[in-house]
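Chemist: test case, fold it:
(chains A and B)
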Amino acid sequence: MTESVLEFSGVRKVFRAGKARVVALEEVSFRLRPGVVTGVLGPDGAGKTTLMRLAAALLVPDAGRVRVLGHDVAAEPQAIQSVIGYMPQRFGLYEDLSVQENLDLYADLQGIPARARRARYDTLLHMTGLGPFTRRLAGRLSGGMKQKLGLACALLREPPLLVLDEPTVGVDPVSRRELWAIVDAQVREQGMSVLLSTAYLDEAERCAEILLLEGGRLVAQGSPRAFADEVAGRVYVLAGVDLPPRRLQRRLQAVPGIVDALLVGDHVRIVTAAPRPPALQAHFPDQPGLRLVPVSPRFEDAFIARLATRGAEGAGAPPPAPPAPTRAAPPPAGTAEDVVIEVRDLERRFGAFRAVRGVSFTVRRGEIFGLLGANGAGKTTTFRMLCGLLPPSGGTARVAGVDLRHAAARARARIGYMAQRFSLYGNLTVAQNLRFFAAAYGLAGARRRARIDWAYAEFELGRYRDFVAAQLPLGFRQRLAFAAALMHEPEILFLDEPTSGVDPLARREFWQRVNALVEAGVTVLVTTHFMEEANYCDRLVIMAEGRILAEGTPAALRARFRTPQNPEPTMEDAFIGLIEEAA
Amino acid sequence: MAAGRALRLRGMIRKETLQILRDPSSIAIAFVLPVVLLFLFGYGVSLDSYHVPVGLVIEAPDAATASFRGAFEHSEYFRPVLYRDIRAAEADLAAHRIQGIVWLRADFERRVLAGDGGAVAVRVNGVDANQARITEGYIQGAWLHWLEEHAGVPLRGARLEPRVWFNAALISRHFLVPGLIAIIMTLIGSLLTAMVVAREWDRGTVEAMMVTPLHIGEMVVGKLVPYFLLGMGGMLFTVALAVWQFGVPLRGSFALLLGSGALFMLVALGMGLLISILAKNQFVAGQIAIVVTFLPAFILSGFLFEIRAMPVPIQVLTHVVPARYFVAILQSLFLAGDVWPVVLPNLGALALLALLLFALVRKKARKRLA
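Modeler: Next comes the predicted model:
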């Protein structure tokens, strides 16, 4: 009799926090296909991590059964935990132990006999490229190296089932590719079965099978190809348009029958609601040359189409109308005299560690300027110095003509700052948060009321007015944080990882709002580790290890890596190329 | 299977040891903190008084008053200030310049020779009741002593002949320092352990460790061994300082001290582990450990405040404070010796608490997240 590697049948998992009950998973049933990589995808809060933890026997279902390699997770958790490989979201490494000591610990815990170790270590160290760093403390490794070490620890005993919870989030593209190469090799050579959750939709294409979760339910299971086929004949790229892509994208979002409009490289890619080309001429009388070029669909197109359709049908938010300009629009000029942010030779040291060094760039009025890089590249440190939250160790940073070290308060009234992970007061309601931030920016009376009403309307927060911020869905928490940063109608916006951890739909809505603000004359400085989001920027710098690797427009940066084999390089290709050049 | 278990335990113990060695805060709590606390309580906090300023009012100087004055001047307990007039002395007492007044009236010599015990009037500033009682006692002692030595006058009636046992010189340090050992071991066993285990939850390393063949019991033992050794190290260090630096006598047997210390260490570790399992968050674990283990050990153990002087409900409460039993053992071992009738019941109580705590740890510790 053949036991399946992993089988869920009618699984439900409920979490209780005080009186609140959150149903994390409901009626989830599937059988894992053995010997392939199965991806778990879904928006935030869909239950991905709960599913992974159930598979690792770290949780017990409230109803239904989870069987792993013939063992029930409720009855024999130890039997499961003794054989599978598992990497939690934060890698499970001891940062105060060295690479070798971490490997030794997990080899001891997994009972790998001493004579088998040398060969296994050599294989894994070679595969992960960690060979030269065995004596380095895990805490001193880069994000990508930590991730590979975590994977190596999980792979020590060559488990028949490998469970990886968001192994690639926030990691640079080079490391992501290497991780996938390692996982693929295990599958190919050992016949390992892999369950992997991810927030990156492009990684879905690398999986043999996809489990799509939504609101705790498994809504679909199939190959990425099968998903893409759902939107066959509904995906097009626009050509012959004489408009900046961002402007074009905004206008497309207002057209009925279009469920997604996305900047891809220099083009705008659309997904329609029905399998026929939309009648765009009526909406673009000024663009006689506009043509629709059908392209082959990808998993991401189907994913967004599903989410957007659900949003329109159910109680979910409808796609937002483009927001009204917050100010009487000043000319979105980009002349050299109009420099709003000027950074020269900025440096920041923490002890002997140089988090940021030799960073110089200028940002002009009405621009979206991006800082692109993996976690730990120095983006947030640079940001904090620009906002006057952290004194630089060297160099200068002037924002709106003011050195923030000396006249921080005056300059801060003109900037809006949205911190990483949305610094909100989790135990205050939406209304209380908005009132607090409005007051903190010195708004009072009618103006405060007007701005708060604007925030309710603009960000569709009205129905969440009395919700405690900590209980909001992540996408709405992001909106609230964004609203709070805009309370005083700042001229310059600093957005630090505004889309991190937010699902793709919420990310698209967010960028629509940013676009609208920029058209109204606001200057935006944004950090992100999502390579494809770089296409929304007018100009950007790519950072790695505290330094700037390159600066330019997205098109120019990509163009540098155009080859006959790869005529349309992505921003990720450009990033990887730059890292390789620097090495 | 046994080989696997040995391997897993070795891995855990080695990991914990490396982490302790690399974390300066564990070393600080085990070795620097004892030094700070010992010096604070050994030198700073003292329940004794020396060089107490006392006003000596002598209305008619003569041979007897000169001899009495000499007795005060040569005592290390007093710093006498001379007055001719009681009013000036009373003004200084009111102004806190002196702690008490000894008033020798003009007929001092005559009344002493007549064997009249009421020849001296004493006033003491009673604002600080403790200090006042000590000052009063000292003055009385000095008076009785002088009468016998110098006046050669046998007192009429019964005579008080005090004998102080165990701490003959009444040095409060000898009483405080042994109790400190219990406080320091509570800090290492409960506070430090609660924090380091909760740190694994905070950093998400617990999750990865759970999905290995490691059994929950091995996990607990692997955590216990290094911190047990660290705590015993801290204890030996404190004992060494107490005996050699502060001259506290150790009258009981060292083996018994070591044995009861080990038992108390287990209790402290049990509390630390239980707190970290329930809190799963470093900050909360630290707060709980301070409120539930450290503060009671400080206040309710009898280390600083006499339990029998507490209100009855509080006295009852002290029975769940493990440090109470260990402080009693420590004070016996250091100052009296192996007093089995004191040591045994306290050891029994500690053993009971250890069993209870580890039963709870065993029940609550799970290789599960929720």
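Chemist: mind listing what A:V293 touches?
Modeler: Applying C-beta atoms under 8 Å, 6 or more residues apart in numbering or on different chains to A:V293 gives the contacts A:Y236, A:V237, A:L238, A:A239. Where C-beta positions appear, they are placed from N, C-alpha and C, glycine not excepted.
Chemist: at 6 Å what do you get?
Modeler: Going by C-beta atoms under 6 Å, 6 or more residues apart in numbering or on different chains, A:V293 touches A:V237, A:A239.
Chemist: the strand or helix carrying it pairs with which strands, and in what direction?
Modeler: If you go by DSSP states H and E, A:V293 is part of strand A:291-294. As defined by DSSP bridges, the strand partners of strand A:291-294 come to strand A:235-239 (antiparallel).
Chemist: averaged pLDDT, the very next helix or strand once past the partner strand. What do you get?
Modeler: Per DSSP H and E, the first helix or strand lying C-terminal to strand A:235-239 is helix A:245-253. For helix A:245-253, mean pLDDT is 80.
Chemist: could you do stretch B:139-150 as well?
Modeler: On average, stretch B:139-150 scores 78.
Chemist: then stretch A:375-385?
Modeler: On average, stretch A:375-385 scores 83.
Chemist: also stretch B:122-135?
Modeler: What stretch B:122-135 shows for mean pLDDT is 77.
Chemist: contact partners of it?
Modeler: If you take C-beta under 6 Å, 6+ apart as the criterion, stretch B:122-135 is touched by B:S49, B:V52, B:L93, B:Q99, B:G100, B:I101, B:V102, B:E136, B:I139.
Chemist: A:G64 should be in a strand, yeah?
Modeler: Yes - assessed by DSSP: H, G, I helix; E, B strand; the rest coil, A:G64 belongs to a strand.
Chemist: quickly note the distance from the residue positioned nearest the centre of chain A to A:K379.
Modeler: Closest residue to the average C-alpha location of chain A: A:S500 at 4.2 Å, with C-alpha atoms, centre = their mean. Going from A:S500 to A:K379 by C-beta to C-beta, to the nearest Å gives 11 Å.
Chemist: per the record, what domains does the chain have?
Modeler: Let's take chain A. Split into domains by automatic domain parsing, chain A comes to A:6-207, A:228-313, A:366-377+A:408-537+A:550-582.
Chemist: not quite, go with chain B.
Modeler: If you go by automatic domain parsing, the domain ranges for chain B are B:23-45+B:172-364, B:52-151.
Chemist: what residues does chain A have near chain B?
Modeler: Contact residues (C-beta under 6 Å from any C-beta of the partner chain) of chain A with chain B: A:56, A:58-59, A:81-82, A:86, A:88, A:90, A:92, A:96-97, A:105, A:108-111.
Chemist: after the strand holding A:V293 comes which helix or strand?
Modeler: Next element after strand A:291-294 (DSSP H and E): helix A:299-313.
Chemist: and the contacts of the next helix or strand after that following helix?
Modeler: As assigned by DSSP H and E, the chain's next helix or strand after helix A:299-313 is strand A:339-350. Residues outside strand A:339-350 that contact it (C-beta under 6 Å, 6+ apart): A:355-365, A:381, A:392-399, A:523.
Chemist: please point out which parts of strand A:339-350 sit buried.
Modeler: A:V340, A:I341, A:E342, A:V343, A:L346, A:E347, A:R348 (16 or more other C-beta atoms under 10 Å in any protein chain shown).
Chemist: kindly indicate which of these lies nearest chain B.
Modeler: Distance to chain B across these (C-beta to the nearest C-beta) is lowest for A:R348, with 24.7 Å.
Chemist: now that closest one. Nearest residue, chain neighbours left out?
Modeler: A:V356 (4.3 Å; C-beta to C-beta, 6 or more residues apart in numbering or on different chains).
Chemist: distance of the one you found relative to A:L93?
Modeler: For A:V356, the distance to A:L93 equals 25 Å [C-beta to C-beta].
Chemist: ok, these two, which is more surrounded?
Modeler: Counted by other C-beta atoms under 10 Å in any protein chain shown, A:V356 and A:L93 do not tie: A:V356 has more neighbours, with 30 against 25.
Chemist: secondary structure element holding the more buried one?
Modeler: strand A:353-364.
Chemist: give the buried residues for that strand.
Modeler: By 16+ other C-beta under 10 Å, the buried positions in strand A:353-364 come out as A:R354, A:A355, A:V356, A:R357, A:V359, A:F361, A:T362, A:V363, A:R364.
Chemist: now, which of these sits nearest B:I329?
Modeler: Comparing those against B:I329 with C-beta to C-beta picks out A:A355 as the nearest, at 52.7 Å.
Chemist: tell me the contacts of the residue nearest to the closest one when sequence neighbours are not counted?
Modeler: Excluding its sequence neighbours, the residue lying closest to A:A355 (C-beta to C-beta, 6+ apart) is A:T381, at 4.5 Å. Residues in contact with A:T381 (C-beta under 6 Å, 6+ apart) are A:R348, A:A355, A:V356.
Chemist: which ones are touching the second one?
Modeler: Taking C-beta under 6 Å, 6+ apart as the criterion, A:A355 is in contact with A:R348, A:G378, A:T381, A:G546.
Chemist: A:D260: what secondary structure?
Modeler: From three-state DSSP, the assignment for A:D260 is strand.
Chemist: that one contacts A:R269, doesn't it?
Modeler: No - using C-beta atoms under 6 Å, A:D260 is not in contact with A:R269, being 7.9 Å away.
Chemist: quick one, which of these two is more surrounded?
Modeler: More neighbours surround A:D260 than the other of A:D260 and A:R269, with 25 against 22 (other C-beta under 10 Å).
Chemist: which element is whichever residue of the stretch 151-300 of chain A sits closest to chain B on?
Modeler: The stretch 151-300 of chain A approaches chain B most closely through A:C153 (7.2 Å), counting by C-beta to the nearest C-beta. A:C153 belongs to helix A:143-155 when assigned by DSSP H and E.
Chemist: give the next helix or strand downstream of that helix.
Modeler: Later in the chain than helix A:143-155, the nearest helix or strand by DSSP H and E is strand A:161-164.
Chemist: what does the helix or strand that that following strand is followed by contact?
Modeler: Heading C-terminal from strand A:161-164, the first helix or strand you meet, by DSSP H and E, is helix A:173-190. Helix A:173-190 is contacted from outside by A:V37, A:M127, A:G144, A:E158, A:T168, A:M192, A:V194, A:R206, A:E572, A:F575, A:I576, A:I579, using C-beta under 6 Å, 6+ apart.
Chemist: equivalent analysis for stretch B:79-93, please.
Modeler: By C-beta under 6 Å, 6+ apart, the surrounding residues in contact with stretch B:79-93 are B:H51, B:P53, B:V54, B:G55, B:L56, B:V57, B:F72, B:E73, B:I98, B:I101, B:W103, B:N125.
Chemist: cool, thanks, signing off.
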